[in-house]
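Enquirer: requesting a structural model of the entry that follows:
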Amino acid sequence: MKRVVVTGIGAISPLGHDWKTVEARLRSLRNAVQTMDEWKVYEGLNTRVGAPAAPFELPPQTYSRKATRSMGRVALMATRASEMALQSAGLLGDPLLKSGKMGIAYGSSSGTPANMADFGRMITEKTTEGITATTYIRMMAHTAPVNISVFFGITGRIITTSSACTSGSQGIGYAYEAIKLGRQVAMLAGGAEELDATEAAVFDTLFATSTQNNDTPHLTPRPFHAARTGLVLGEGACTLVLEELEHARARGAPIYAEVLGYGTNNDGRHVTQPNAPTMADAMRLALEDAGVSPTDIGYVNAHGTATEHGDIAETAGTHSVFGERVPFSSLKSYMGHTLGACGALEAWMTIEMMRSGWFAPTLHLEPGAVDPRCAPLDYITGEGRNIQTDLVMSNNFAFGGINTSLVFRRWD
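Expert: The predicted structure is shown next:
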């Protein structure tokens, strides 16, 4: 089996697009949630808070109208994040991209919602007005990986991972397995999501969204809190360059971490109610794949959506694997739930926290405020915590009962 390392990272997030900016925002203990005034026009939509990506620029010399005509916002963010990842890996323009030895494992919950509306208008108003040759390409579920492949000319395998909240983590996991088994030398892995009121409506119908803080967005969400306020949606994109270790060493590539283990399974019982025992099984599968024990893990990054069912089930599953000892926090308290992007964004930030030795607390979770129905864990609160560890875990769970767990090892 091949060893797999992370040699490049590119991201667009509500907190910023590089680790220096993101770390400063995390240490300031301020979230990136905003009041979404433009959502006021939707009758029946209760939530009006979201976490848009921080402004980003597209270099005009490469992002021409012709090059981007098949891209909606989600594909644009995914492509730009992938370009930054290839730059950081020293692979932008490298012959490896067109050799067939480099592939893509990437996903989002959906394509661009506005382009779905074009087809919706055809159904409700019996007109094809607005539908063009690229409308479907922008709305299709695999718009991100396909546009990435065309933009950079990548000719290896494409694994599309449109599985809502596990799109990004599955992307990393399946890219890792493709390299580990020797099927590819390198992979672009990750996920993306475009913030839209229609996606907020999905969670609104489940009474899961944050509605109490529409005018005080700095106070929400509150994962694991007894007075949780509900889920807040965000957006972004994150791409990791995964590479076979010896190939990376031979070309003197920077190495950020080793992907040591991946576990995934499915609840097989309910579409929207998570199940603690199978969540725990996914974590055990990742530990087994990594060849480490629960006591070796120095930090667990939680999915932490700030929903009642999700928080309670996740903490119960985590407790059954780790007991009360493992430091545990949620980054969604800062940037909301970025759906298809969250698995990759949170994996990146977890790796960087391991490298820096400082781990962010769950925002708005004061000591003693944990929901008593959540399992007892070592919740990181207050100012964050200095932890020296070589092994971290990042977990994500999705609609449909899909569970993923990733283990990363520090690389010095």
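
Enquirer: show me where the stretch 301-412 of the chain has strands.
Expert: Remark: strands assigned in the stretch 301-412 of the chain by DSSP state E, counting those that start in this stretch are 327-329, 358-359, 378-379, 385-386, 391-398, 402-410.

Enquirer: now those as JSON lines including mean pLDDT?
Expert: Shown next, in JSON lines, are the strands of the stretch 301-412 of the chain (pLDDT from 0 to 100):
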{"stretch": "strand 327-329", "mean pLDDT": "98"}
{"stretch": "strand 358-359", "mean pLDDT": "98"}
{"stretch": "strand 378-379", "mean pLDDT": "98"}
{"stretch": "strand 385-386", "mean pLDDT": "98"}
{"stretch": "strand 391-398", "mean pLDDT": "97"}
{"stretch": "strand 402-410", "mean pLDDT": "97"}
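
Enquirer: how about the ones you listed in JSON lines, adding distance to residue 294?
Expert: Heads up, the C-betas are built off the backbone N, CA and C, glycines and all. Shown next, in JSON lines, are the strands of the stretch 301-412 of the chain (distance: least, CB to CB, whole Å):
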{"stretch": "strand 327-329", "distance to residue 294": "12"}
{"stretch": "strand 358-359", "distance to residue 294": "18"}
{"stretch": "strand 378-379", "distance to residue 294": "13"}
{"stretch": "strand 385-386", "distance to residue 294": "19"}
{"stretch": "strand 391-398", "distance to residue 294": "9"}
{"stretch": "strand 402-410", "distance to residue 294": "11"}
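
Enquirer: tell me which of those approaches residue 23 most closely.
Expert: Proximity to residue 23 (CB to CB) singles out strand 358-359 among the strands of the stretch 301-412 of the chain, at 7.8 Å.

Enquirer: which other helices and strands contact the closest one?
Expert: strand 385-386 (3 or more CB pairs under 8 Å, 6 or more residues apart in numbering; DSSP states H and E).

Enquirer: helices or strands up against the strand it packs on?
Expert: strand 358-359.

Enquirer: now do the strand it packs on: distance to the chain's middle.
Expert: On the basis of CA atoms, centre = their mean, to the nearest Å, strand 358-359 sits 19 Å off its chain's mean C-alpha point.

Enquirer: can you check stretch 158-173 too?
Expert: That offset, for stretch 158-173, works out to 9 Å (CA atoms, centre = their mean).

Enquirer: could you pull up the mean pLDDT of it?
Expert: Average pLDDT, stretch 158-173: 96.

Enquirer: rewinding a little: make JSON lines out of the strands of the stretch 301-412 of the chain and add distance to residue 52 and mean neighbour count.
Expert: Shown next, in JSON lines, are the strands of the stretch 301-412 of the chain (distance: least, CB to CB, whole Å; neighbours: other CB atoms under 10 Å):
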{"stretch": "strand 327-329", "distance to residue 52": "23", "mean neighbour count": "25"}
{"stretch": "strand 358-359", "distance to residue 52": "26", "mean neighbour count": "20"}
{"stretch": "strand 378-379", "distance to residue 52": "28", "mean neighbour count": "18"}
{"stretch": "strand 385-386", "distance to residue 52": "29", "mean neighbour count": "13"}
{"stretch": "strand 391-398", "distance to residue 52": "21", "mean neighbour count": "27"}
{"stretch": "strand 402-410", "distance to residue 52": "25", "mean neighbour count": "26"}
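
Enquirer: which of these sits closest to residue 175?
Expert: Residue 175 lies closest to strand 402-410 among the strands of the stretch 301-412 of the chain, at 11.0 Å (CB to CB).

Enquirer: what is that closest one packed up against?
Expert: helix 167-180, strand 257-266, helix 276-290, helix 342-356, strand 391-398.

Enquirer: and among the ones you listed, the most buried is which?
Expert: helix 167-180 (a mean of 29; mean count of other CB atoms under 10 Å).

Enquirer: next, the angle from that one to strand 402-410.
Expert: Interaxial angle, helix 167-180 versus strand 402-410 (axes from the mean of the first three to the mean of the last three CA atoms, to 10 degrees): 60 degrees.

Enquirer: enumerate the positions of stretch 49-59 that are buried.
Expert: Within stretch 49-59, the residues scored as buried using 16 or more other CB atoms under 10 Å are 49-54, 56, 58.

Enquirer: which of the residues you listed fall within strands?
Expert: 49-51 (DSSP state E).

Enquirer: output those residues in JSON lines; the columns should cover pLDDT and distance to residue 74.
Expert: Shown next, in JSON lines, are those (pLDDT from 0 to 100; distance: CB to CB, whole Å):
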{"residue": "49", "pLDDT": "98", "distance to residue 74": "20"}
{"residue": "50", "pLDDT": "98", "distance to residue 74": "15"}
{"residue": "51", "pLDDT": "98", "distance to residue 74": "15"}
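
Enquirer: quick check, nearest of these to residue 106?
Expert: Nearest to residue 106 among those: residue 51, at 21.2 Å, using CB to CB.
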